[in-house]
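>>> quick one: sequence plus predicted model below, questions after.
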Amino acid sequence: MPERAPRKDAARNRAAALAAADRLFAGTVAGAGDPGDITMADIAAAAGVGKGTLFRAFGDRTGLIRALHESRLGPLTDAVETGPPPLGPTTPPAQRVAALLDALLCFKLDNRHLALALEGAGADSPYRAAHYERWHALLAGLLRAAPGTTAHDFTAHALLAATRADLVEHLAGAGDATREELRSGLAEFTARVIGGAG
């Protein structure tokens, strides 16, 4: 039996909830509190829908944050899976590692509120989250294919740690580093790690 398309009001409510959650989480980065303090009730009220609607659509708060994160991450995922260089699959491994890390850093800089909310959501380890496991597996595979690299799994974790939302927020939010300084620092760190792996 084919999957039924969602009703128009369900799709409209879902879009309203995602937009409301995005606004509320963005407000926390602007100094209006902690992403962890935003509840499903807050999001429902801001979206003009009932809490039950949110729970039916997303399961729980973490599910809503994941859905918002995935909708924002879609263009980057597409570029990595099927796009041209430097992110796409035809790029030499070492160059692709650097480009992927730069793209993840830029994504987190542009979506700090959302990245912070996602990394802080749920009781599970952030290293078990589907988005993290996807990037880790890709990086570890690229490192295996890059000449002279070793300790691929560990190195992939270490490189991803440099793009964690809490670190990005600490550096960018405090004004300690500009976007370009962060990107340059990450590029240098990545080159040292990959160049020194052999």
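On my side now, so go ahead. Treat the numbers as computed from the prediction; the structure is a model and nothing was measured.
>>> in stretch 102-110, what counts as buried?
For stretch 102-110, a neighbour-count test (16 or more other C-beta atoms under 10 Å) marks D102, A103, L104, L105, C106, F107, K108, L109 as buried. The C-beta positions use only the backbone N, C-alpha and C, and glycine is treated the same way.
>>> likewise for stretch 135-145?
Counting neighbours by 16+ other C-beta under 10 Å, the buried set in stretch 135-145 is W135, H136, L138, L139, A140, L142, L143.
>>> now it - C-alpha only, CSV.
Output for stretch 135-145, consisting of C-alpha atoms alone and laid out as CSV, is shown next (Å, rounded to 0.1, in the frame of the first residue of the first chain):
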residue,chain,number,x,y,z
TRP,A,135,30.1,12.5,9.2
HIS,A,136,32.4,10.3,11.2
ALA,A,137,32.0,7.3,8.8
LEU,A,138,32.6,9.5,5.8
LEU,A,139,35.7,11.1,7.3
ALA,A,140,37.2,7.8,8.5
GLY,A,141,36.6,6.3,5.1
LEU,A,142,38.3,9.3,3.4
LEU,A,143,41.2,9.1,5.9
ARG,A,144,41.6,5.4,5.0
ALA,A,145,41.9,6.3,1.4
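>>> how far out from the middle of the chain is it?
What separates the centre of stretch 135-145 from the centre of its chain is 17 Å, taken as C-alpha atoms, centre = their mean, to the nearest Å.
>>> what's the answer for stretch 174-185, then?
Averaged C-alpha coordinates place stretch 174-185 at 18 Å from its chain's average position (C-alpha atoms, centre = their mean).
>>> could you find the closest non-adjacent residue to the residue nearest in space to the middle of the chain?
Note on the chain: the residue nearest the mean C-alpha position is A115, at 5.3 Å, using C-alpha atoms, centre = their mean. In space, not counting the residues next to it along the chain, A115 is nearest to A165; the distance is 3.5 Å by C-beta to C-beta, 6 or more residues apart in numbering.
>>> can you pull the pLDDT of the one you found?
At A165, the pLDDT value in this model is 89.
>>> and it, how many residues sit next to it?
The local packing of A165 (other C-beta atoms under 10 Å) involves 22 other residues.
>>> residues touching it, list them.
Contacts here follow C-beta atoms under 8 Å, 6 or more residues apart in numbering; on that basis A165 touches K108, R112, A115, L116, L118, E119.
>>> and what of L186?
Counting by C-beta under 8 Å, 6+ apart, the residues that L186 touches are L101, D102, L105, A162, T163.
>>> which SSE is it in?
Counting by DSSP states H and E, the element that carries L186 is helix 179-196.
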